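Q: just need the structure, nothing else, for what follows:
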Amino acid sequence: MSIYNPPTLQQLAMQGLLKNESLAISSLDCMPIMLFPPLFKEASEGRHTKILKAMVAAWPFHCLPVGVLMMTPEVETLQAVLDGIDMLLTQKVSPHRRWKLQVLDLRNVHQNFWDVWTGREKGVHSEDSGSEKQVVKSLHRHALRQPLKVVTDLSLCFHLQEHQTCLLQWAQQRNGTVQLCCVKMEISDFPVETIREVLDIFWPHYIEELEIITTKILPFPNSFAPCLGQMRNLHKCHLSLNAFFMDSSAIEMSLHKFLTQFSKLNSLQHLYLNGIYFSTENVKQLCRCLKTPLESLSITLHLSQSDLKQLSQCPRLCQVKFLLLSHIELSTSRPTGLRVLLENVADSLQTLELEHCSLENSHLSVFLPALSQCSQLTRVNFSDNDFSSTAVKNLLQCMANLNQLAVQLYPAPLECYDNPCNILMDRFAHLCLELQGIVMAKREPKTMAFATTICIECCQSCVYDIETKLCPCWQ
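A: Below you'll find the predicted structure:
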């Protein structure tokens, strides 16, 4: 026997309004505030652009978090929302309603706002609801005052997409009446000259997260440096400048002006530098220019012994929680720089990634005492290093005393190979089971795995956690 659930009066009212656009638009002045969010959501899902346009202009809250309703970029819906902003800015709305909209949020955030107002979560449907307060509170950096703010995230990859062009052209034409604020910006292989044009539309001090991937390393730092220096609220910076085959002296000169801008970033907390050739002078300059203590530092490719020494002497790296160093060059000498760096961050370090560092037994014996003092560690990764089974045993005995450690990734011992490219599978499984027992004798590890070197045929590794998982070439 089926149970009939009749629609509520609110649902019936919304259905009637959506079927009669003229009635819906003319009713906005006297519509109860509690009907605005559910009606707006229904109009967005049904692509009732005329109703959306009118509702934006009459929106009774400080913030309209519309981005979560447009998960898939829809130019028609976006244009309707922007047209509603134009109506509001030109005051082509009824004088009987005092409009409150001050922030249009195009990011995929604030789902709770719609859940509360559409009845999916319990909440108080009033103008001062907790959901509305939370939305406004989370935008405290975007002060609620004129001009109206349009908040977005921007991902530029190869070329502008249609909805991005629509938004940027609209904002460019309304410079002075609208502030286009990008909180998170991602740029990947985008023309340098176009990047400058795009950045001129945004207010750079609103950018909090920046990720750049480019092969245009020589023109890019010089053209982008002034923009970076204006991002005073930037707290996360991720730069991947792929320059493997370029002259190192030219790169060093190009990076000099770029790195100088870091002295203006007073909010920086997370720094990721990938694929960049750093001379020792560049490393010194970076350490001098850092103005705030970092929580995260990631550097991959080309770090020498002297570079590590410079990093270990940088006062801004004593509170690091996340440390990733890859492809560092330690040769056969004692890695005192790495040891001192670990000693400096022993009280704060939570994640340590030393993958692809060509670490050897002699290196491990130098920094292992410092590593044993990192009591806050929750994750370590030593994959793709050259340790014997004895060295791995010493490392595991050290790790077994770190009670907060949840994820442990280790290299397969050298004894698992009869040459650099051939794995002895039986020995691999036997040794890994024995090594795993060292930790299990003291506590039950949550995630613990051993991985072989990457197969040159399939670019994958054989992994042992509870059992052996072979790469496709060995299956």
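
Q: A helix includes residue 171, no?
A: Yes. Counting by DSSP: H, G, I helix; E, B strand; the rest coil, residue 171 is found in a helix.

Q: look up how far residue 446 lies from it.
A: Residue 171 sits 47 Å away from residue 446, going by CB to CB, to the nearest Å. To be clear about C-beta, it is placed using only N, CA and C from the backbone, and glycine gets the same treatment.

Q: thinking residue 451 is in contact with residue 460, fair?
A: No. With contact defined as CB atoms under 8 Å, residue 451 and residue 460 do not form a contacting pair (9.5 Å).

Q: between the two, which is the more surrounded one?
A: The neighbour comparison of residue 451 against residue 460 (other CB atoms under 10 Å) goes to residue 451, with 23 against 16.

Q: grab the nearest non-local neighbour of the more buried one.
A: residue 461 (4.3 Å; CB to CB, 6 or more residues apart in numbering).

Q: can you check residue 314 too?
A: Distances taken as CB to CB, 6+ apart place residue 287 nearest to residue 314, at 3.9 Å, with adjacent residues excluded.

Q: give me the element the one you found is part of.
A: Using DSSP states H and E, residue 287 sits in helix 280-289.

Q: for that helix, C-alpha coordinates in PDB please.
A: Presented in PDB, the C-alpha positions along helix 280-289 are these (Å, rounded to 0.1, in the frame of the first residue of the first chain):
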ATOM      1  CA  THR A 280      72.000  28.900  -3.800                       C
ATOM      2  CA  GLU A 281      71.500  32.600  -4.200                       C
ATOM      3  CA  ASN A 282      67.800  32.100  -5.000                       C
ATOM      4  CA  VAL A 283      67.400  30.000  -1.900                       C
ATOM      5  CA  LYS A 284      69.200  32.700   0.200                       C
ATOM      6  CA  GLN A 285      66.900  35.400  -1.300                       C
ATOM      7  CA  LEU A 286      63.800  33.300  -0.600                       C
ATOM      8  CA  CYS A 287      64.800  32.900   3.100                       C
ATOM      9  CA  ARG A 288      65.500  36.600   3.400                       C
ATOM     10  CA  CYS A 289      62.100  37.600   1.800                       C
END
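
Q: tell me which helix or strand comes right after it.
A: Using DSSP H and E, the first helix or strand after helix 280-289 is strand 296-303.

Q: what angle do that next one and helix 280-289 make?
A: Relative orientation of strand 296-303 versus helix 280-289 (axes from the mean of the first three to the mean of the last three CA atoms, to 10 degrees): 160 degrees.

Q: so residue 352 is in which element?
A: Going by DSSP H and E, residue 352 is in strand 351-353.

Q: what pairs with that strand, parallel or antiparallel?
A: Strand pairing for strand 351-353, determined by DSSP bridges: strand 322-328 (parallel), strand 379-381 (parallel).

Q: can you put these in JSON lines and add distance to residue 308, mean neighbour count and mean pLDDT?
A: Shown next, in JSON lines, are those (distance: least, CB to CB, whole Å; neighbours: other CB atoms under 10 Å; pLDDT from 0 to 100):
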{"stretch": "strand 322-328", "distance to residue 308": "7", "mean neighbour count": "19", "mean pLDDT": "89"}
{"stretch": "strand 379-381", "distance to residue 308": "18", "mean neighbour count": "20", "mean pLDDT": "96"}
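
Q: okay, which residue is most central for this structure?
A: residue 209 (7.1 Å; CA atoms, centre = their mean).

Q: what's in contact with the helix or strand that contains residue 56?
A: For residue 56, the host element (DSSP H and E) is helix 49-57. Contact with helix 49-57 is made by 17-18, 21, 24-25, 28, 36, 39-40, 43-44, 64, 76-77, 79-81, 83-85, 87-88, 92-93, 99, 101, 104, as judged by CB atoms under 8 Å, 6 or more residues apart in numbering.

Q: quick one, which of those are buried?
A: 17-18, 24-25, 28, 36, 39-40, 43-44, 64, 77, 79-81, 83-85, 87-88, 93, 99, 101, 104 (16 or more other CB atoms under 10 Å).

Q: where do the strands sit along the stretch 1-150 of the chain?
A: Assignment of strands within the stretch 1-150 of the chain using DSSP state E, counting those that start in this stretch yields the ranges 63-65, 103-105, 148-157.

Q: to residue 356, which of those strands lies closest?
A: With CB to CB as the criterion, residue 356 lies closest to strand 148-157 of the strands of the stretch 1-150 of the chain, at 26.4 Å.

Q: settle this for me: residue 215 is touching residue 189, isn't it.
A: Yes. Under the criterion of CB under 8 Å, residue 215 makes contact with residue 189 at 6.8 Å.

Q: if we can go back for a sec, need the mean per-residue confidence for the helix holding residue 56.
A: Here helix 49-57 scores 90 as its mean pLDDT.

Q: quick one: buried residues of stretch 359-376?
A: For stretch 359-376, by 16+ other CB under 10 Å, it's 359, 360, 361, 363, 364, 367, 368, 370, 371, 372, 374.

Q: wait, I meant stretch 189-206
A: 190, 195, 198, 199, 201, 202, 204, 206.

Q: my read is the third one is in a helix, agree?
A: So the one you mean is residue 198. Yes. Assessed with three-state DSSP, residue 198 lies in a helix.

Q: so what's residue 396 up against?
A: Per CB under 8 Å, 6+ apart, neighbours of residue 396: 410, 435, 438, 439.

Q: among those, which lie within strands?
A: Using DSSP state E, the subset of the contacts of residue 396 located in strands is residue 410.

Q: not counting its neighbours along the chain, what's nearest residue 322?
A: residue 296 (3.9 Å).

Q: what pLDDT does that neighbour get?
A: 97.

Q: pipe the buried residues of stretch 359-376 into CSV and attach pLDDT per row.
A: CSV is the format used below for the buried residues of stretch 359-376 (pLDDT from 0 to 100):
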residue, pLDDT
359, 89
360, 90
361, 91
363, 89
364, 90
367, 90
368, 93
370, 94
371, 94
372, 93
374, 95
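
Q: just the residues you listed now: which is nearest residue 349?
A: Checking those one by one against residue 349 (CB to CB), the nearest turns out to be residue 374, at 4.8 Å.

Q: three-state assignment of the closest one?
A: coil.

Q: quick one: buried residues of the strand holding residue 352?
A: 351, 352, 353.

Q: turn these into a markdown table, including distance to residue 111 and pLDDT.
A: Listed next are the buried residues of strand 351-353 as a markdown table, based on distance: CB to CB, whole Å; pLDDT from 0 to 100:
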| residue | distance to residue 111 | pLDDT |
| --- | --- | --- |
| 351 | 29 | 97 |
| 352 | 34 | 97 |
| 353 | 32 | 96 |
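
Q: just the closest of those residues to residue 389, please.
A: Comparing the buried residues of strand 351-353 against residue 389 with CB to CB picks out residue 352 as the nearest, at 21.4 Å.

Q: spatially nearest residue to that closest one (excluding sequence neighbours)?
A: residue 380 (5.0 Å).

Q: distance of the one you found relative to residue 286?
A: 25 Å.

Q: before we move on, back to that, okay, residue 171 and residue 446: which has more neighbours?
A: A direct count of neighbours by other CB under 10 Å for residue 171 and residue 446 places residue 171 higher, at 19 against 10.

Q: show me what contacts the closest residue to residue 389 other than its chain neighbours?
A: Among residues not flanking residue 389 along the chain, residue 413 sits closest, at 3.9 Å (CB to CB, 6+ apart). If you count contacts by CB under 8 Å, 6+ apart, residue 413 has them with 387, 388, 389, 391, 392, 431, 435.
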